[in-house]
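*Asks:* how would this look folded up:
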Amino acid sequence: QVQLVESGGGLVQAGGSLRLSCAASGRTFSSYAMGWFRQTPGKERELVAAIARSGPFQYYPDSVKGRFTISRDNAKNTVYLQMNSLKPEDTAVYYCAARAVNGLPRNYDYWGQGTQVTVSS
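*Replies:* Take a look at the predicted model:
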């Protein structure tokens, strides 16, 4: 089992940048594929980035491709989401998630509590 704690959210102007961090507990962080999701009221949770537990494999939907970058530091048990060129429509609660599986899953087993990102126009 893994526990996840996000940080780094906040208020930023359109065009600005934020970096979210997600710290994971436990000794087997490298066994988990990691994902970042976002959710706004009344909408389904959206996967915005995923990174495999090994290898260069990453996923981004078109809505964030070229602006968001996911990375991980297994020595620090941390996954990051660098968000550049932010838009007001990026405003959401962002969650990190983990699943002990190969590849880039769409479904995850463990979730953080979320961090609010607000982009002002």
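
*Asks:* name the element the residue nearest to the spatial centre of the chain belongs to?
*Replies:* Averaging the C-alpha coordinates of the chain gives a centre point, and the residue nearest to it by Cα atoms, centre = their mean is residue 36 (2.4 Å). Counting by DSSP states H and E, the element that carries residue 36 is strand 33-39.

*Asks:* coming back round to it: pretty sure the residue nearest to the centre of the chain is touching residue 45, no?
*Replies:* No: with contact defined as Cβ atoms under 8 Å, residue 36 does not reach residue 45; the gap is 10.7 Å. C-beta coordinates here come from the backbone N, C-alpha and C atoms, glycine included.

*Asks:* Which residues are in contact with each of the two?
*Replies:* residue 95 (Cβ atoms under 8 Å, 6 or more residues apart in numbering).

*Asks:* all strands for the chain, in order.
*Replies:* Residue ranges of the strands in the chain, as given by DSSP state E, are 4-7, 10-13, 18-24, 33-39, 46-51, 58-59, 68-73, 78-83, 92-99, 110-111, 115-120.

*Asks:* Tabulate those strands in JSON lines, adding columns for mean pLDDT.
*Replies:* JSON lines is the format used below for the strands of the chain (pLDDT from 0 to 100):
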{"stretch": "strand 4-7", "mean pLDDT": "97"}
{"stretch": "strand 10-13", "mean pLDDT": "98"}
{"stretch": "strand 18-24", "mean pLDDT": "98"}
{"stretch": "strand 33-39", "mean pLDDT": "98"}
{"stretch": "strand 46-51", "mean pLDDT": "98"}
{"stretch": "strand 58-59", "mean pLDDT": "96"}
{"stretch": "strand 68-73", "mean pLDDT": "97"}
{"stretch": "strand 78-83", "mean pLDDT": "98"}
{"stretch": "strand 92-99", "mean pLDDT": "98"}
{"stretch": "strand 110-111", "mean pLDDT": "96"}
{"stretch": "strand 115-120", "mean pLDDT": "98"}
